[in-house]
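Trainee: Generate coordinates for the sequence data below:
(chains A and B)
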There are 2 protein chains.
Amino acid sequence: MAEKTVGVAVLGCGTVGGGVVNILRHDHDMLLKRTGIDFQLRHVVVKDRSEYPPHANELPMSTDANAAIDDPASQIIIELIGGTSIAGTFIERALRLGKPVITANKSLLALRGPELFALARQHGACIAFEGSVGGGIPILDAVVRGLIANRIEAVLGIVNGTCNFILTKMTQNGWSYGQALKEAQELGFAEANPTLDVSGRDAAQKLAILASLAFNARLAESDIHVEGIDKLAVEEIRFAGEMGYVIKLLAIAQRSAGEQISLRVHPTLVHKDDVLADVGGPFNAISIYGHALGHALWYGRGAGRTPTASAVVADLVGVAMGATAAAFNQLRTWPDLTAPARVLPFDQLESRYYLRLMAKDEPGVLAQVTAALGAQSISLSSILQHEDGDGRNIPVVITTHLAREGAMQAALKQINALATITPPTICLRIVDQPREFGAG
Amino acid sequence: MAEKTVGVAVLGCGTVGGGVVNILRHDHDMLLKRTGIDFQLRHVVVKDRSEYPPHANELPMSTDANAAIDDPASQIIIELIGGTSIAGTFIERALRLGKPVITANKSLLALRGPELFALARQHGACIAFEGSVGGGIPILDAVVRGLIANRIEAVLGIVNGTCNFILTKMTQNGWSYGQALKEAQELGFAEANPTLDVSGRDAAQKLAILASLAFNARLAESDIHVEGIDKLAVEEIRFAGEMGYVIKLLAIAQRSAGEQISLRVHPTLVHKDDVLADVGGPFNAISIYGHALGHALWYGRGAGRTPTASAVVADLVGVAMGATAAAFNQLRTWPDLTAPARVLPFDQLESRYYLRLMAKDEPGVLAQVTAALGAQSISLSSILQHEDGDGRNIPVVITTHLAREGAMQAALKQINALATITPPTICLRIVDQPREFGAG
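Mentor: Numbers count the residues shown, from 1 in each chain, chains lettered A, B, ... in the order given. Predicted structure coming up:
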């Protein structure tokens, strides 16, 4: 319990980096009182000092990351630059010096996690990365330590706040994707170039990290089937709503028969009674199913300055007090120590489906469509057809019972080839979380 | 990462103890693979061997807790006897031998936590107690470590599954308290003697532990204002429902002006849009508000055999790999190291209120009631009065804006003294969680 001083170098002073610097400065005494550790900010490394206001001169700001990493007074290195190039170089440099690294860099970890973990181990260092998934929600620590007695069957949830903000606006205001994106950009919930978020890739990177820990298997972003929200029409949200569903971008990892894991990110219909349906705006929520715990859910701010900084500083305390190293050295569930995941081929996925067809308003069309589905042994759960089509092409919405993705794709090919159907037929997936006792 | 063997003694083989024994036996190899630790069940101590079926003879079962604790092969002691008498004696014995103790005993920790923590520290041991609050939800670890960078403003939630089951049944089926309790007992969600749960005491004990860690302050069950659900009439649930609320038993700890903490457990009206309103049956859900994280919520099974065992075994791994000791020795937020909480006197609590009066169906009654409230500067938010009274006494339901508890009690005294009112007037509290962006 003796007080000790720990020197910290923060690389990158953008949204999250700035938040970490703020906490280390303004909440220094609270942290000291709680931990007995005097965290000293030794370096704040930025690309261009002139981008920071004059009062930032109070900070030990520099542009030389290597010098900051090499400084013996920097005992812990916090990487918050992001991206997969120089961030990786700096992390490697720190690890080779045996210095623990804290990062929230999901892109880098999804790409090179196992390699960097192995490097850390080789040099007696460790990596902490709570901020990389779920922002301020301590979900990774829960998976690694809190649920270690659980064989995890499934992890699924809303892990991208930008997409959730856009979908919430489309749902609540009836806005188009473009309108909702514009609003998200104006309010700072989406970047000027939103591709990483709206394509689903950011969610896939987070799922790669989360599922790797949950299933004790090595996997990469490329193992995940990804569909974004950028082509989603507001009509789908409206029709889904009429049928009792809300559309969310879900990241889903699930154990299937034969110990394979299905991995996917896509717009998903969830029932209005599902707790995920109520998760609005920039919030995240992650469901986990364990054989001992059953269903549990974590909810909170999945991104942003102070929430993510909250996770990074928690990592800093964990590293400084040795708890992180204890887990890093003792547990064998880290991505460098586990075997590659056996990924379920996507065409073998079993799902329920939502189809929206544009059909000619003629007799017999529905018979042709259901015949195409029936030929693939896909059975219908519900059909929605309004009278108010444009006279020639009317939307027909179908939901199905469980079917194989491969069978659905084959049926869609046949349906889109029908003379009475104007392709493309929209195909989304439905996820039913088990209804919980008395909930909803 | 070398494999090591850790001998474990489990004291008590009831619901949770049996679950822990099951995991250690049936999931031994999964734990070994994940942790490199070979957990060996050395002793399972029970009160009466004859209560266990013959196949329990496979277990190292005995009735001598002292011998099990003293056995050098028992490196970690798991106390799952419960209660505040012999469980405490056994824990003390283990700690004096320097052996780490894992417990889920909320009654004991709420009563003697600081003393037992100090004893552990004195003998170089530690105490892990994740299972004592929130069953399988790793909420304590989140508060102690994951949110350590947060100044926590409030902790509130549903922490007693028995009460939540009963309230869910009363709400969904319109049952009386007695009917719902009977169903809970038949399904194993309530004990034969349900007093500890339905009185709110169990929730208060959990709140004492949780709030102590969240606010870094020493506090006991006796610091908490407690009202149970055992006197709640189904009429309240019905009237609350008409006004857009659901009644839940909430445990609430909140920082107030002057660094005081308000602490209470009582039936509470929460808005139907509040995420807590959807938490049904035996589930728990806990909201935490931190200055960096904002609002976050944890949801899952708050009790029961395997969920609680999940938390206990996670503690076992944490202790065995040294992470628990690292936090126990480094952090200063444990109840033996913090100052006594400054508890807000209950009459200074600010809350919104729900009142249900039984009033004579005469002119001027409402004027008398509102005058009594007005005299205490309590302003009304809504009034509900149906025509279908019994002719003489009709229920009048009033909700108020924020008022002080002391003022409300003074007003109630005056109201109950009115000739036109049949006491007692029912008084419940309303909690409005901030509406989150786009949620609900």
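Trainee: Excluding chain neighbours, what is closest to residue A:328?
Mentor: residue A:126 (3.9 Å; C-beta to C-beta, 6 or more residues apart in numbering or on different chains). In short, each C-beta sits where N, CA and C put it, glycine included.
Trainee: what's near enough to touch that neighbour?
Mentor: Taking C-beta atoms under 8 Å, 6 or more residues apart in numbering or on different chains, we find residue A:126 in contact with A:100, A:101, A:120, A:319, A:324, A:325, A:328, A:329.
Trainee: how about a cut-off of 10 Å?
Mentor: A:95, A:98-102, A:117, A:120, A:318-319, A:322, A:324-329, A:334 (C-beta atoms under 10 Å, 6 or more residues apart in numbering or on different chains).
Trainee: Mind checking which of those residues are in helices?
Mentor: Here DSSP state H is the test, and the contacts of residue A:126 give A:95, A:117, A:120, A:318, A:319, A:324, A:325, A:326, A:327, A:328, A:329 as lying in helices.
Trainee: Can you tell me which of the residues you listed has the most neighbours?
Mentor: residue A:318 (28 neighbours; other C-beta atoms under 10 Å in any protein chain shown).
Trainee: So it sits against residue A:324, correct?
Mentor: Yes. Residue A:318 sits in contact with residue A:324 when judged by C-beta atoms under 10 Å, with a separation of 4.2 Å.
Trainee: any common contacting residues for these two?
Mentor: Shared contacts of residue A:318 and residue A:324, defined by C-beta under 10 Å, 6+ apart, comprise A:100, A:102, A:126, A:128, A:130, A:141, B:145, B:323, B:326.
Trainee: Out of the residues you listed, which end up buried?
Mentor: A:100, A:102, A:126, A:128, A:130, A:141, B:145, B:323, B:326 (16 or more other C-beta atoms under 10 Å in any protein chain shown).
Trainee: got the phi/psi numbers for the fifth one?
Mentor: The reference is to residue A:130. For residue A:130, the backbone dihedrals are phi -50, psi -40 (criterion: degrees, to the nearest 10).
Trainee: Need the pLDDT of it.
Mentor: If you check residue A:130, the pLDDT there is 98.
Trainee: and it, what does it touch?
Mentor: Taking C-beta under 10 Å, 6+ apart as the criterion, residue A:130 is in contact with A:102-104, A:136-142, A:144, A:308, A:310-315, A:318, A:324, B:145-146.
Trainee: Let's see that with 6 Å instead.
Mentor: A:140, A:141, A:311, A:315 (C-beta atoms under 6 Å, 6 or more residues apart in numbering or on different chains).
Trainee: One more: the second one?
Mentor: Under the criterion of C-beta under 6 Å, 6+ apart, the neighbours of residue A:102 are A:78, A:128, A:312, A:315, A:316.
Trainee: Closest one of those to residue B:415?
Mentor: The nearest member of the contacts of residue A:102 to residue B:415, counting by C-beta to C-beta, is residue A:312 at 53.1 Å.
Trainee: Run a quick neighbour tally on the closest residue to the closest one other than its chain neighbours.
Mentor: Closest residue to residue A:312 apart from its sequence neighbours, by C-beta to C-beta, 6+ apart: residue A:131 at 4.6 Å. Neighbourhood size, residue A:131 [other C-beta under 10 Å]: 31.
Trainee: Could you measure from residue A:131 over to residue A:184?
Mentor: Computed as C-beta to C-beta, to the nearest Å, the residue A:131 to residue A:184 distance reads 21 Å.
Trainee: what's the answer for residue A:102, then?
Mentor: 28 Å.
Trainee: now residue A:112
Mentor: Counting by C-beta to C-beta - residue A:112 and residue A:184 are separated by 29 Å.
Trainee: more crowded one of those two?
Mentor: residue A:184 (25 against 18).
Trainee: Off-centre distance for the strand or helix carrying the more buried one?
Mentor: Using DSSP states H and E, residue A:184 falls within helix A:177-186. From the chain centre to the centre of helix A:177-186 is a distance of 20 Å (C-alpha atoms, centre = their mean, to the nearest Å).
Trainee: And for stretch A:22-35?
Mentor: So, by C-alpha atoms, centre = their mean, the centroid of stretch A:22-35 is 29 Å from its chain's centroid.
Trainee: got the buried residues for that stretch?
Mentor: So for stretch A:22-35, counting by 16+ other C-beta under 10 Å, buried means A:23, A:24, A:27, A:30, A:31, A:34, A:35.
Trainee: what mean pLDDT does it have?
Mentor: Here the average pLDDT along stretch A:22-35 is 97.
Trainee: cool, and stretch A:153-173?
Mentor: Here the average pLDDT along stretch A:153-173 is 97.
Trainee: what does the stretch 101-250 of chain A put close to chain B?
Mentor: Contact residues (C-beta under 6 Å from any C-beta of the partner chain) of the stretch 101-250 of chain A with chain B: A:136, A:137, A:138, A:141, A:142, A:146, A:148, A:149, A:150, A:168.
Trainee: picking up where we left off before, nearest to residue A:419, of the contacts of residue A:102?
Mentor: For the contacts of residue A:102, the nearest to residue A:419 is residue A:312 (58.1 Å; C-beta to C-beta).
Trainee: Let me see the contact set for that closest one.
Mentor: With C-beta under 6 Å, 6+ apart, residue A:312 has these contacts: A:20, A:102, A:104, A:131.
Trainee: same thing but 10 Å
Mentor: Applying C-beta under 10 Å, 6+ apart, the residues contacting residue A:312 are A:10, A:16-17, A:19-20, A:23-24, A:78-80, A:102-104, A:128-132, A:136, B:149, B:292.
Trainee: if we can go back for a sec, select from the contacts of residue A:130 every entry located in helices.
Mentor: Going by DSSP H, the helices hold A:140, A:141, A:311, A:315 from these.
Trainee: Adding distance to residue A:280 and pLDDT, write those out as TSV.
Mentor: Shown next, in TSV, are these (distance: C-beta to C-beta, whole Å; pLDDT from 0 to 100):
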residue	distance to residue A:280	pLDDT
A:140	24	98
A:141	25	98
A:311	21	98
A:315	28	98
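Trainee: Buried ones only from these, please, as a PyMOL command.
Mentor: Selecting only the buried entries of those in PyMOL, with 16+ other C-beta under 10 Å as the criterion:
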select buried, chain A and resi 140+141+311+315
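Trainee: tell me which of the ones in helices among the contacts of residue A:130 is nearest to chain B?
Mentor: Lowest distance from chain B to the ones in helices among the contacts of residue A:130 (C-beta to the nearest C-beta) belongs to residue A:141, with 5.8 Å.
Trainee: Please look at that closest one and residue B:141 and confirm they touch.
Mentor: Yes. Between residue A:141 and residue B:141 there is a contact at 7.1 Å, judged by C-beta under 10 Å.
Trainee: Spatially nearest residue to residue A:361, not counting backbone neighbours?
Mentor: Nearest residue to residue A:361 in three dimensions, chain neighbours excluded: residue A:394, at 5.1 Å (C-beta to C-beta, 6+ apart).
Trainee: now swap in residue A:96 and tell me
Mentor: Among residues not flanking residue A:96 along the chain, residue A:123 sits closest, at 5.7 Å (C-beta to C-beta, 6+ apart).
Trainee: How about residue A:408?
Mentor: That would be residue A:353: by C-beta to C-beta, 6+ apart, it lies 5.6 Å from residue A:408.
Trainee: Surely the one you found is in a strand?
Mentor: Yes. Residue A:353 forms part of a strand when assessed by DSSP: H, G, I helix; E, B strand; the rest coil.
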